[in-house]
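Trainee: Quick one: sequence plus predicted model below, questions after.
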Amino acid sequence: MEKEKVTDLSRDEQLALVALVEQLALADRQASDEEADTVETLAGEMGGDLYRDLLREADERFRDEGMLKAFLGGITSVDARELIFGFVLGEAEKGSIAPAEDSWLTWLSDEWKLALGPAADEDLGGE
């Protein structure tokens, strides 16, 4: 089954998305208006209760970057990876991409074997 929207994702895949959105929003130690809008958009798509449950679970399970990265490495569905990565990259590109966000997006692109694309490469310090 092709995954086209966040509600098509499994619970673990939704957890990965919420955890990544939170990680990127806080990567530069402050959430911008665009990042707050991303959270609002995602919560609206998932439903506020589910989003809050997943956020709470992410905070409990992923106490450091290593734990989150290990979990993200376990997301194996290509469709889910593309949807999650596309969502976080698209949201990151709405504002300026901070160095810490760049680092996460580059790592995730490499880990999941997904291309950033020419526009994203330029935004993320690529050639």
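Mentor: Looks like it arrived, so ask away.
Trainee: Next, residue 72: phi, psi?
Mentor: phi -60, psi -30 (degrees, to the nearest 10).
Trainee: so what's it closest to, chain neighbours aside?
Mentor: residue 16 (5.7 Å; CB to CB, 6 or more residues apart in numbering). C-beta here means a position set from N, CA and C on the backbone, and glycine is covered the same way.
Trainee: does that neighbour sit in a helix or strand, and which one?
Mentor: Taking DSSP states H and E as the definition, residue 16 sits inside helix 11-26.
Trainee: Please tell me how far the residue nearest the centre of the chain sits from residue 50.
Mentor: Relative to the mean C-alpha position of the chain, the nearest C-alpha, by CA atoms, centre = their mean, is the one of residue 20, at 3.5 Å. Going from residue 20 to residue 50 by CB to CB, to the nearest Å gives 16 Å.
Trainee: Could you do residue 85 as well?
Mentor: In this structure, residue 85 lies at 21 Å from residue 50, with CB to CB as the measure.
Trainee: what's the answer for residue 107, then?
Mentor: Going from residue 107 to residue 50 by CB to CB gives 26 Å.
Trainee: go on, residue 112?
Mentor: With CB to CB as the criterion, residue 112 and residue 50 are 23 Å apart.
Trainee: Can you pull the poorly scored residue ranges out of this protein?
Mentor: Across the chain, residues meeting the criterion (pLDDT under 70) sit at 1, 28-35, 117-127.
Trainee: Just the helices from this protein, written as ranges.
Mentor: Using DSSP state H, the helices of the chain run over 11-26, 33-46, 48-61, 65-73, 78-92, 99-111, 118-123.
Trainee: most tightly surrounded among those?
Mentor: helix 11-26 (a mean of 20; mean count of other CB atoms under 10 Å).
Trainee: Give me the residues contacting it.
Mentor: The list of residues contacting helix 11-26 from outside it, by CB atoms under 8 Å, 6 or more residues apart in numbering, reads 3, 6, 9, 31-32, 35-36, 38-39, 42, 46, 50-51, 54-55, 57-59, 61-62, 65, 68, 71-72, 74-75, 77, 80, 84, 87-88, 91-92, 101, 104-105, 108.
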